[in-house]
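Student: model the following, please.
(one chain, ligands or ions: 2)
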Amino acid sequence: MTARPASGYKWRMKKALAVLLMVLAFGLGALALTFTAAKLPVPPLAETALPKAAPPAEMTLSALPTGAMHSRAAFAYRGGRWGEARDFGMTAVLVHHPRGDLLFDTGFGRDVDRQAQGSPWLVRALSKYSKGTPAADQLAAGGYDARRLAGVVLTHVHWDHVSGLPDLPGVPVWIDEAERDFTNSGASMSALARSFGALPYHVYRFEGGPYLGFPRSHDVWGDGSVVLVPAPGHTPGSIIAFIALPSGTRYALLGDLVWQMEGLEIPAERPWLSRTLVDADGGGARENIQRMAAIHARFPDMRLVPSHDAHATEKLARFPAVER
Ligand SMILES: [Zn+2]
Ligand SMILES: [Zn+2]
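Tutor: Ligands and ions are numbered 1, 2, ... in the order given. The predicted structure is shown next:
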């Protein structure tokens, strides 16, 4: 009498297991598809010439690498390989200008070990990090008094870009209004910046007109040498900084618009999992990648610097050496 219910139970269990495995296989298949290559279309760019810039002769640019996260190309852009290890550099950029020196992002600061605990657990599970010398210590070692800085310009307020702010007390922190609101919003992705409390924030506006396909701009020193544009998506107030040096070389400091150059060269957005983990608005990020890819196609000599592309940042002169 007991045999029949037991076999019926077994059969039901087998069936449930088979359905579960099918669902799992389907889910994994669907997830795998989100990592496959998908090239974004590149819209035409109306501008045929670069905007005018008159950088002063003393102007320079230097990179300050502060460490790295170690991950996989697959997480950085659609079509990236699983088998390819990638270093995500953590690099601040110092732009010297006679009217005021600006540090773009901080990279890892002195307190990174404690701060890293606050990043999303899946990000921690999928990557490891290694420390270099914090930007403040590199500046000091190079005889540079950080109090000279007119500001730290944040490409956005994610923890790996603001980590070194406490090492630079009193230095104004430049953000736009949208990023200020994001910092104050209670979002987990801006928690570290918020934990620093009342910093000497300098909130700027994009009072200038269109710039290379971006709708608005902020010409910091009025000479076209440092122009900030809104590039929302990765965070609500993410920016791109266009820098012109006296040599005529142009740079675009991209923040986390893309994590690796392939994001613009293909161009390709981050895979779904990465977008879900880190992007406030994946669609906005995609639109700005396409905008920037159009600029890259029209002006291939412009040096593109994604914050975390170690190959791109290693090509920059390392502080105290300078690009002119
Ligand atoms: Zn970020
Ligand atoms: Zn970042």
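Student: burial count for the residue in the stretch 201-324 of the chain that ligand 2 sits nearest to?
Tutor: With CB to the ion, the shortest gap between the stretch 201-324 of the chain and ligand 2 falls at residue 256, namely 4.3 Å. Using the backbone N, CA and C atoms, a C-beta is placed for each residue, glycine as well. When neighbours are defined as other CB atoms under 10 Å, residue 256 has 25 of them.
Student: in what helix or strand does residue 81 lie?
Tutor: Assigned by DSSP states H and E, residue 81 falls within no helix or strand.
Student: for the residue in the stretch 101-250 of the chain positioned nearest to ligand 1, which residues are in contact?
Tutor: Nearest residue of the stretch 101-250 of the chain to ligand 1: residue 158, at 3.4 Å (CB to the ion). Residues near residue 158 by CB atoms under 8 Å, 6 or more residues apart in numbering: 189, 190, 234, 235, 256, 278.
Student: let's have those residues in CSV, adding pLDDT.
Tutor: Putting the contacts of residue 158 into CSV (pLDDT from 0 to 100) gives the following:
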residue, pLDDT
189, 94
190, 96
234, 98
235, 98
256, 98
278, 94
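Student: filter those residues down to the buried ones.
Tutor: Among those, those classed as buried by 16 or more other CB atoms under 10 Å are 189, 190, 234, 235, 256, 278.
Student: so the fourth one is in contact with residue 157, correct?
Tutor: This means residue 235. Yes - at 6.6 Å, residue 235 and residue 157 qualify as touching, with contact defined as CB atoms under 8 Å.
Student: would you map the strands across the stretch 51-200 of the chain?
Tutor: Using DSSP state E, counting those that start in this stretch, the strands of the stretch 51-200 of the chain run over 60-72, 85-96, 101-104, 128-131, 149-153, 173-176.
Student: leaving out sequence neighbours, find the closest residue to the residue nearest in space to the middle of the chain.
Tutor: For the chain, the residue nearest the mean C-alpha position is residue 256 (1.6 Å; CA atoms, centre = their mean). Excluding the flanking residues, the one nearest residue 256 by CB to CB, 6 or more residues apart in numbering is residue 234, at 4.8 Å.
Student: tell me the SS of the one you found?
Tutor: Here residue 234 is recorded as coil under DSSP: H, G, I helix; E, B strand; the rest coil.
Student: can you pull the contacts of it?
Tutor: 156, 158, 255, 256, 257, 278, 279, 280, 285.
Student: just to revisit the earlier point, ok, which of the buried ones among the contacts of residue 158 also contact ligand 1?
Tutor: residue 256 (CB under 5 Å from the ion).
Student: closest one of the buried ones among the contacts of residue 158 to residue 318?
Tutor: residue 256 (21.2 Å; CB to CB).
Student: tell me who's in contact with that closest one.
Tutor: 155, 156, 158, 161, 234, 238, 278, 306, 307, 308.
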